[in-house]
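[1] Sequence isn't available, so here's the structure alone:
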């Protein structure tokens, strides 16, 4: 048998596939009116973006959700993760903002999407993107080394406020001033009646390093995420005075700030967003997809191992939540004198 | 005896056939990735993470760790043969490795690197098994003041890396520190030297500068040079007895320095190799032949970076603090596998901790058996015709740099530093101090300001802490002693004669 018939057959098969594909496209285009999740189905792999390098929080969220979705029957396309690193997220955000209307691009978001633009260090803020779903949250811990004389979170803020050059009191956090850990600390101090600008916040690169500094006695207290602190807290090296969870919802064996009479909560939320001008059908589809994903057993398993807490919000509520966050953070940054020039001006 | 029992338990984990297979494939993949200039273990580990899902956590970590220390092992190859560091930790190896290869002894240089790597890794493993639980407290004892003092001590090596004159060396070192400042300042959140370019917000990656000023600059130099030198000779693998005798103490010192750097999460393999090289050059009687192909100048950094790679598993597993980009990716992998590194690792997950430690013994032996026979084959790279070899080096540099962040901006930086490195060399400025300033400068500045912020601005904090005071005293001695000793020698010679 010669090779020619085989080649012809292959050619015919390609044509048939192409016809089929175009038929599907037409079908998709003629329908699509109301924003019903059934009106949209992703037709190509999703550009699934973590605006940071491998190994961080955004990357972990992208890889975990991508894997759970690929293994589920909620969606038939793949979610290859792309790391667009740089500018504390700004490089990745600029990339996504440059593809308006693209229904096959999604990226991971968390408080820095609000904080970095407020410091004047990014050209885009959350209003330039489409909120899809908030997925999970984590809270802050306010902790001291295990042998510290400080017993309550109220005492912690008193000491922080009384400190002066003679009597130093330093609180370590895992990120730069004006970013998450600092905001979580300053907001709580403010709610406790302490001038947040008076608190000596010492930034380290990462919650792990901040806790190490506290355990070694180099600083007096530490503020970081619950998830990051688990191992040192369970080992008894760090004693948690309070968490930033809402009243009665503290995820670990320590009170929430609100339980201690300090009216403040801080969410380290994480969610998924898309480029500007996504179609309503696509938003509805992804919203539903993530809501269904949170119900899966495979998700529950991954979530528990990573110490995350489900905190789902759909498109509308998530958008509203982001606006509130921006307002709140803007006030705290203003108090701290860290507000940058407004972006997009 | 407890430690030996734990280690024996670790070996029972490794000797499962599947895990043995993982050790072998992990180190093989790692050593190949390490050999290719510019391609580091970070991307390789990130790519392998999905394959570990469903594996037992200890098996997964055995595989991923193998890629890491395998890459550090193999990373010396391209440093020696091409002056293009395979990974960040092997930059210092090129100082003496490349001149040695060019003088026709590539085989011997690669053999020294392999043997020193093996010994460094093994010494660190013995240290790890004996005192691992106590090591976490050493890491914790290092706060900002201590890190600052350690970095000052490290920077004093600029004097010994400045072969072409101290002033030019200091200028290069200062420029390196300035480059390290680029980006968002951790202490205030202020942008420094970024000129509004978001690509610079997170600073200039060390590897871009290293590949630029070493590999690319060398390519430029070779391309502009008439092709008359014969560097085809690979030379025998054999080392003379004298060389072996010289190598032993250098390897021992390098291993200790490296292991200690590895334990400190703020230091790691790259800093460890520079500290090892600097120390060796300072204690050597033949210091003037360093940088020209001294075997000790290969043995010290190679033993140090492998010891540091092993040592870096202490802060990673017992504190959950990664000391480098690679260990940060490993930390991410551990979390996804459901393992929370921390002080309870020994007690809660002994099969993971001791399994990985034991796997490294096996992995190191596999690496030595793998690398030694490959040397004649690898060294043949030097016989590649120059019109083919030079473009290949450029291609690998470009792939390596692009793979860091998938950003073309970094490629322009690579070109910039390549031209800079070429101009520096043409005008007698040494490149090594620039690299040293770059890796130490950022941590030095950051920890100095953290320490001052904690102390309320009191500079005495650096002298009140015993560890920091000792390190600063050592730095002062290492700066002042050589000229004083030289003067004293001169005087005594004069009085004798």
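    Yep, that arrived. Quantities reported herein were computed from a predicted structural model and do not represent experimental measurements.
[2] Quick one: name whatever helix or strand follows whichever strand or helix holds residue B:180.
    Using DSSP states H and E, residue B:180 falls within helix B:166-181. Scanning forward in sequence from helix B:166-181 by DSSP H and E, the next helix or strand is strand B:183-184.
[3] Could you confirm whether any residue of that next one contacts chain A?
    Yes: using Cβ under 8 Å from any Cβ of the partner chain, we find that strand B:183-184 touches chain A at residue B:184. For glycine as for every other residue, the C-beta is placed from the backbone atoms N, C-alpha and C.
[4] Does anything pack onto that strand? Which helices or strands?
    strand B:191-192 (3 or more Cβ pairs under 8 Å, 6 or more residues apart in numbering or on different chains; DSSP states H and E).
[5] how far does the strand it packs on sit from the chain's center?
    The chain centroid and the centroid of strand B:191-192 are separated by 27 Å under Cα atoms, centre = their mean, to the nearest Å.
[6] is chain A contacted by it?
    Yes: Strand B:191-192 lies within reach of chain A by Cβ under 8 Å from any Cβ, at residue B:191.
[7] Can you name every helix or strand that the next helix-or-strand element following that strand contacts?
    Under the assignment DSSP H and E, the closest C-terminal helix or strand after strand B:191-192 is helix B:206-210. Packing partners of helix B:206-210 (3+ Cβ pairs under 8 Å, 6+ apart): helix B:386-405, helix B:408-426, helix B:432-455.
[8] tell me the most buried of those?
    Greatest average neighbour count among those goes to helix B:432-455 (a mean of 23), per mean count of other Cβ atoms under 10 Å in any protein chain shown.
[9] Would you mind getting the angle between that one and helix B:408-426?
    120 degrees (axes from the mean of the first three to the mean of the last three Cα atoms, to 10 degrees).
[10] Burial check on residue 89, number of neighbours?
    No chain in the question, so chain A it is. By other Cβ atoms under 10 Å in any protein chain shown, the residues close to residue A:89 number 28.
[11] Hmm, no, I was thinking of chain B.
    Residue B:89 has 33 neighbours, counted by other Cβ under 10 Å.
[12] quick one: contacts for it?
    By Cβ atoms under 8 Å, 6 or more residues apart in numbering or on different chains, residue B:89 lies in contact with B:72, B:75, B:268, B:269, B:270, B:272, B:273, B:305, B:308, B:309.
[13] least trustworthy position among these, going by pLDDT?
    Within the contacts of residue B:89, residue B:268 has the lowest pLDDT, namely 82.
[14] and the spatially closest residue to it that is not a sequence neighbour, what is it in contact with?
    Take residue B:268 and drop its neighbours on the chain: the residue closest to it by Cβ to Cβ, 6 or more residues apart in numbering or on different chains is residue B:323, 4.1 Å away. Neighbour list for residue B:323: B:262, B:264, B:265, B:266, B:267, B:268, B:312, B:315, B:316 [criterion: Cβ under 8 Å, 6+ apart].
[15] and which of those residues is nearest chain A?
    residue B:265 (6.9 Å; Cβ to the nearest Cβ).
[16] In which helix or strand does the closest residue to chain B within chain A reside?
    Residue nearest to chain B within chain A (Cβ to the nearest Cβ): residue A:231, separated by 2.3 Å. Using DSSP H and E, residue A:231 falls within helix A:226-234.
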